[in-house]
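> Got a sequence here, can you build the structure:
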Amino acid sequence: MTWQDLLKEMENFDVMLWGEEHDDGIGHIAQIEFFKKFSDKFPSALSLEMLEKDQQMLVNEYSSGYIPEKQFLEGIRLWKNFQTDYLPLVKIAKESYSPIICANPPRRYVNAIARKGIIAYMDFGNEAHYFLPEAYTLGLYQSETYLAKLRSMFQSSHTSGAKGIPSPESMILAQYMWDQGMAESVSRESFRSGRKILHINGRFHSDEEGGLTFRLRKMGLKVLVVSVFPEGKEENANFSKIADFVILTNGR
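Residues are numbered from 1 along each chain as shown. As a prediction, the model looks like this:
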């Protein structure tokens with residue numbers, strides 16, 4: 001395949017979920033190269049798991065030119081590789097007048113759900129709810145395959161009876177908050193503007209019709225899934241079950 005093949009396929013879809021491994025440097029180079037072509041071809045929007053919803057005003061001020069890059073970077077919570085791997089994407093979006101979507105619920109609220117479960121919603125102030133999916137939506141769209149994967153992952157890492165360790169069910173709800181929060185951010189922009197959206201997230205959210213993929217499709221969006229990871233990591237896997245397109249990089 002070529003980038004043009006992927007862009008041609010995207011003509012029939014609303015959203016592309018680009019599932020990455022966050023420390024895959026070659027994968028980051030590929031997504032920057034691809035987003036340049038994506039934003040040239042389509043009226044587009046960029047959505048990032050790496051930006052949280054309460055940062056949206058600051059991102060808008062930067063993309064509109066109201067504040068300089070230095071103030072933007074000083075004002076937001078940065079992933080350690082943000083400036084090298086994600087800031088170039090934000091700059092491309094800024095230059096192409098593409099909306100930039102802060103997709104994730106603020107981590108502090110996700111962590112509260114992981115510690116306390118759904119009852120944590122009672123602790124959140126009115127302002128917090130603006131950045132969060134409604135509590136009932138966390139379990140609204142559940143993929144049984146994804147739920148089984150989460151239970152296996154969290155139960156294996158959970159020490160039964162250990163003080164201060166979140167329960168597997170609370171950690172699953174926290175994962176659901178991430179997925180539902182991102183799904184609402186993406187769907188809102190899609191239905192608002194009709195633009196083609198490139199959303200970038202850790203591939204666990206989107207591989208094998210993961211939580212985000214499943215929710216967006218249930219919301220009525222046409223979703224194309226791309227999974228990007230180093231060659232040799234899953235060579236025995238059935239790639240057609242992982243994603244619509246798989247891109248193998250040559251290592252970190």
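
> Using the three-state scheme, assign residue 225.
At residue 225 the chain is in strand, as set by DSSP: H, G, I helix; E, B strand; the rest coil.

> and it, how many neighbours?
Counted with other CB atoms under 10 Å, the neighbours of residue 225 add up to 25. All C-beta atoms are positioned from the backbone trio N, CA, C, and that covers glycine.

> Just the pLDDT at it, thanks.
Residue 225 carries a pLDDT value of 97.

> Distance check, it against residue 205.
Residue 225 sits 10 Å away from residue 205 when distances are taken as CB to CB, to the nearest Å.

> list residues touching both of the two?
Residues within reach of residue 225 and of residue 205 at once, by CB atoms under 8 Å, 6 or more residues apart in numbering, are 17, 19, 213.

> got the contact list for stretch 108-120?
With contacts defined as CB under 8 Å, 6+ apart, stretch 108-120 is touched by 121, 123-124, 128, 131-132, 135, 138, 166-167, 169-171, 173-174, 177-178.

> Would you state the strands of the protein in chain order?
Assigned by DSSP state E, the chain shows strands spanning 15-20, 44-52, 100-104, 196-202, 223-230, 245-249.

> Check the ones you listed for me and report the most buried one.
strand 15-20 (a mean of 26; mean count of other CB atoms under 10 Å).

> starting at the chain centroid, how far to that strand?
8 Å (CA atoms, centre = their mean, to the nearest Å).

> which regions of the stretch 151-252 of the chain sit below the pLDDT cut-off?
The stretch 151-252 of the chain contains residues with pLDDT under 70 at 156-164, 236, 251-252.

> ok, which stretches of it are helices?
Applying DSSP state H, counting those that start in this stretch to the stretch 151-252 of the chain gives helices spanning 168-193, 211-218, 239-242.

> So what touches the shortest one?
In this structure, residues lying in contact with helix 239-242 by CB under 8 Å, 6+ apart are 207, 208, 227, 234, 246.

> got a markdown table for those, with distance to residue 34 too?
Listed next are the contacts of helix 239-242 as a markdown table, based on distance: CB to CB, whole Å:
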| residue | distance to residue 34 |
| --- | --- |
| 207 | 18 |
| 208 | 22 |
| 227 | 13 |
| 234 | 21 |
| 246 | 14 |
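
> which one of those residues sits closest to residue 44?
Residue 44 has its nearest neighbour among those in residue 227, at 20.3 Å by CB to CB.
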